[in-house]
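1. okay, predicted coordinates and the sequence, questions at the end:
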Amino acid sequence: MDFNWTEEQKIWRTTVRNFAERKIKPYVREIDSNKQIPKKIVEDMAKLGLFAPTVSQKYGGSEVDWTMACIAAEELGRADISLAVPVLYLVEAAWGHIFHLYGSDDLKNEYLSNITAGKQFCGIAVTEPTGGSDIVGAVNTRATKKGKSWQLSGEKLFISGITESSTWGGIHLTLARTNPTKDHKGFSFFAIPLKDEAQIKTTLLEDMGRMGISTGGFVMDDLEVPSHYLIGEENKGFYYAMEGFSLARVLIGATCIGAAEAALEMGKEHITSRSSFGRPIAQYEGIQFPFAEHYTNIESVKLLTYRAAWLLTQMYQKKQYTHHDISLAAAMTKLRAPQYAFQVMNEVADWLGATGYTKEHDIEMGIRGIRSYSIGAEGTMNIMRIIIAREVLGKEFLPY
Ligand SMILES: Cc1cc2nc3c(=O)[nH]c(=O)nc-3n(C[C@H](O)[C@H](O)[C@H](O)COP(=O)(O)OP(=O)(O)OC[C@H]3O[C@@H](n4cnc5c(N)ncnc54)[C@H](O)[C@@H]3O)c2cc1C
């Protein structure tokens with residue numbers, strides 16, 4: 001077992017860190033206030049190959065492995081603790097990869113190079129007003145074959161990237177029922193473009209955090225898409241969605257590590273310089289013991305996350321592991337990373353005293369942003385626990 005980073009990984013980390021320090025970090029408060037990521041940042045990210053970096057060079061990707069993809073996620077999380085830029089990165093990295101794996105050539109020729117160039121958006125639309133955890137019970141969007149096209153009706157809600165997709169163009173990989181008599185084997189995945197679609201109405205929600213990337217929904221009313229907008233095989237959509245969620249969860253782990261490290265560094269800076277009762281507060285065990293706990297928690301989740309990234313690379317490059325291994329590793333990562341990151345940020349806010357409750361300090365952006373991942377984006381904590389229990393105890397212990 002070798003815990004060293006390779007030369008390539010070190011160079012990549014330094015490159016992304018330098019880029020993010022200069023081109024993203026100074027603008028995070030502005031992104032949070034203006035509720036959008038400046039186009040210049042998006043263009044610069046594209047130049048560095050930060051959109052869907054695992055996809056093939058044929059479609060403008062960099063063909064990096066999942067450790068490299070996670071290093072970028074970590075560094076973006078470190079620079080933007082509001083998490084807007086990291087979310088933009090990781091949603092496109094995960095779902096761009098699924099699009100690359102299963103999308104038809106015609107569809108990829110239409111969209112994928114624009115996605116890797118940062119000109120168009122690639123998102124995921126599973127959740128509906130009726131729920132996100134119980135996909136089989138809650139997803140009611142219907143897709144019906146009409147000659148050479150598919151007709152979709154239904155509503156998606158709490159979807160990231162609605163403004164981005166409807167202004168830049170691009171697609172949301174959208175889960176719909178194609179066989180209502182089947183359970184999870186009756187769903188298919190479709191590429192749905194939101195821009196300029198008369199049969200789609202979009203809505204926007206005001207989130208509490210990660211303000212630079214939009215969240216909202218869309219209603220499809222007899223929307224027709226050509227047959228090649230079906231992703232992969234009919235009735236396999238549920239499996240593609242699960243695969244994509246696992247990718248996203250590993251990247252979320254890396255992003256949370258970066259944001260937690262940045263927060264702990266802010267905390268360290270404060271506790272070593274702020275004095276109370278005649279000495280730096282870092283000298284008090286009430287401060288330094290939690291510091292030690294948080295430091296250790298971050299290190300432990302790093303091991304979970306980078307092992308999960310390694311498993312992903314093995315699965316895709318060497319076909320050595322199955323999605324069962326991946327979904328377990330990804331769920332453990334997603335269970336721990338957002339919780340630990342939130343705990344660090346909450347503690348750092350305490351250490352900061354009154355400053356921690358103001359917009360003078362970045363920590364409040366972090367707390368608002370990280371809650372998206374501990375509440376539920378890409379799966380709630382309880383769903384992660386269910387996946388872990390299912391993989392370890394066996395399906396027979398699922399309550400349904
Ligand atoms: C900021 C943000 C961005 C998002 N972006 C996207 C996106 O781009 N695309 C997309 O498709 N979705 C997106 N989502 C939606 C997200 O996937 C859902 O919020 C999530 O799946 C949970 O669904 P829900 O909100 O309907 O809660 P519910 O499924 O209704 O769950 C409510 C609560 O019940 C718990 N619960 C449910 N079932 C069980 C059970 N069996 N055992 C124990 N507890 C249970 C859950 O853990 C949760 O605490 C986003 C969410 C957020 C917050």
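-> Sure thing, it's come through.

2. now Trp66: how far from Met315?
-> Going from Trp66 to Met315 by CB to CB, to the nearest Å gives 9 Å. In this view, the C-beta of every residue, glycine as well, is placed from N, C-alpha and C.

3. hang on, I meant Phe121
-> For Phe121 relative to Met315 (CB to CB), the value is 26 Å.

4. and the pLDDT at Trp168?
-> Per-residue confidence (pLDDT) for Trp168: 97.

5. surely it meets Lys119?
-> Yes. Look at Trp168 against Lys119 with CB atoms under 8 Å: they come within range, at 6.5 Å.

6. among Phe121 and Met315, which residue is more densely surrounded?
-> Counted by other CB atoms under 10 Å, Phe121 and Met315 do not tie: Phe121 has more neighbours, with 32 against 18.

7. leaving out chain neighbours, which residue sits closest to the more buried one?
-> Leaving aside its sequence neighbours, Phe121 sits nearest to Gly170 (CB to CB, 6 or more residues apart in numbering; 3.6 Å).

8. what about that neighbour, neighbour count?
-> 24.

9. same check, this time on the one 4 residues further on
-> Residues within reach of Thr174, counting by other CB under 10 Å, total 30.

10. quick check: beta-bridge partners of it?
-> Beta bridges link Thr174 to Ala125, Phe190, judged by DSSP bridges.

11. so what's it up against?
-> By CB atoms under 8 Å, 6 or more residues apart in numbering, the contact set of Thr174 is 125-126, 141, 152, 156, 189-192.

12. what is the nearest of the residues you listed to Arg336?
-> Val126 (22.9 Å; CB to CB).

13. report the separation between that closest one and Ile135.
-> Taken as CB to CB, the span from Val126 to Ile135 is 6 Å.

14. any shared contact partners between the two?
-> With CB under 8 Å, 6+ apart as the test, Val126 and Ile135 both reach 175, 241.

15. any idea which element Ala349 lies in?
-> Per DSSP states H and E, Ala349 falls inside helix 323-351.

16. show me what that helix is packed against.
-> helix 237-273, helix 285-313, helix 363-375, helix 381-393 (3 or more CB pairs under 8 Å, 6 or more residues apart in numbering; DSSP states H and E).

17. buried ones in it?
-> 325-345, 347-349, 351 (16 or more other CB atoms under 10 Å).

18. as JSON lines, the helices and strands packed on helix 323-351 with distance to the ligand would be great.
-> Converted to JSON lines, the helices and strands packed on helix 323-351 look like this (distance: least, CB to the nearest ligand atom, whole Å):
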{"stretch": "helix 237-273", "distance to the ligand": "9"}
{"stretch": "helix 285-313", "distance to the ligand": "19"}
{"stretch": "helix 363-375", "distance to the ligand": "4"}
{"stretch": "helix 381-393", "distance to the ligand": "3"}
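
19. and Thr215, bridged to which residues?
-> Here Thr215, judged by DSSP bridges, has bridge partners Ser160, Leu205.

20. touching, it and Phe158? I think so.
-> Yes. Here Thr215 lies in contact with Phe158, judged by CB under 8 Å, at a distance of 6.2 Å.

21. overlap in contacts, those two.
-> With CB under 8 Å, 6+ apart, Thr215 and Phe158 have common neighbours Leu205.

22. mind checking how far the spatially closest residue to Ser246 that is not a sequence neighbour is from Gly244?
-> Nearest non-adjacent residue to Ser246, counting by CB to CB, 6+ apart: Ala330, 3.9 Å away. Separation of Ala330 from Gly244 (CB to CB) stands at 11 Å.
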